[in-house]
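Undergrad: the amino acid sequence is not available; the structure is as follows:
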């Protein structure tokens with residue numbers, strides 16, 4: 001059970017690492033057996049839809065990254081004993097800095113995640129992204145939130 005929790009926690013951190021590297025294909029691959037609920041009635045399912053969503057939403061810079069750091073904290077994982085399903089809750093804060101934009105937090109919120117095992121491997125089932133606080137997102141997103 002502890003190993004399962006650690007594996008799931010690492011999936012949560014892998015998401016942050018990949019998005020900060022600008023690896024949108026890698027982010028999408030995390031959802032090959034899952035989906036993202038970006039808002040109440042907006043769901044993107046599978047790697048192809050998730051990748052297209054990030055490509056339409058995320059501003060990338062000359063170095064190929066969004067110039068962000070997604071910091072994930074307060075991770076609480078619950079694996080149902082004897083089950084191939086799990087849940088997790090966590091907080092996120094995104095920091096951004098560009099040549100013209102000093103380092104600052106730009107958004108903060110919560111992730112509510114569910115996971116399932118596919119062929120013995122833990123995978124995202126659903127990531128619900130909840131926004132609590134916003135700052136200047138103009139240099140991060142390609143649309144207004």
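TA: Now that the structure is in, tell me what you want to look at. Remember, it's a predicted structure, so these values are computed and weren't measured experimentally. Numbers count the residues shown, from 1 in each chain.
Undergrad: all strands for the protein, in order.
TA: Secondary structure of the chain, counting by DSSP state E: strands at 35-39, 42-45, 68-79, 85-98, 101-118, 121-134.
Undergrad: how about those strands, which one is nearest residue 7?
TA: Put simply, out of these the one that sits nearest residue 7 is strand 121-134, at 5.1 Å, with distance taken as Cβ to Cβ. The C-beta positions use only the backbone N, C-alpha and C, and glycine is treated the same way.
Undergrad: show the contacting residues for residue 87.
TA: Applying Cβ atoms under 8 Å, 6 or more residues apart in numbering to residue 87 gives the contacts 77-78, 112-115.
Undergrad: hmm, try it at 6 Å
TA: 78, 114 (Cβ atoms under 6 Å, 6 or more residues apart in numbering).
Undergrad: let's have the strands of the chain in CSV, adding distance to residue 141 and mean pLDDT.
TA: Output for the strands of the chain, formatted as CSV (distance: least, Cβ to Cβ, whole Å; pLDDT from 0 to 100):
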stretch, distance to residue 141, mean pLDDT
strand 35-39, 11, 93
strand 42-45, 14, 96
strand 68-79, 11, 98
strand 85-98, 10, 98
strand 101-118, 9, 98
strand 121-134, 10, 97
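Undergrad: need these in TSV with distance to residue 7, can you?
TA: Converted to TSV, the strands of the chain look like this (distance: least, Cβ to Cβ, whole Å):
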stretch	distance to residue 7
strand 35-39	20
strand 42-45	23
strand 68-79	9
strand 85-98	9
strand 101-118	9
strand 121-134	5
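Undergrad: ramachandran coordinates for residue 119?
TA: With angles defined as degrees, to the nearest 10, residue 119 sits at phi 50, psi 40.
Undergrad: and it, what does it touch?
TA: For residue 119, the contact set (Cβ under 6 Å, 6+ apart) is empty.
Undergrad: if we use 10 Å, what do you get?
TA: Residue 119 is in contact with residue 33, counting by Cβ atoms under 10 Å, 6 or more residues apart in numbering.
Undergrad: residue 145 too?
TA: Counting by Cβ under 10 Å, 6+ apart, residue 145 has contacts 39, 57, 107, 131, 134, 137-138.
Undergrad: what of residue 142?
TA: Shown in contact with residue 142 (Cβ under 10 Å, 6+ apart): 55-60.
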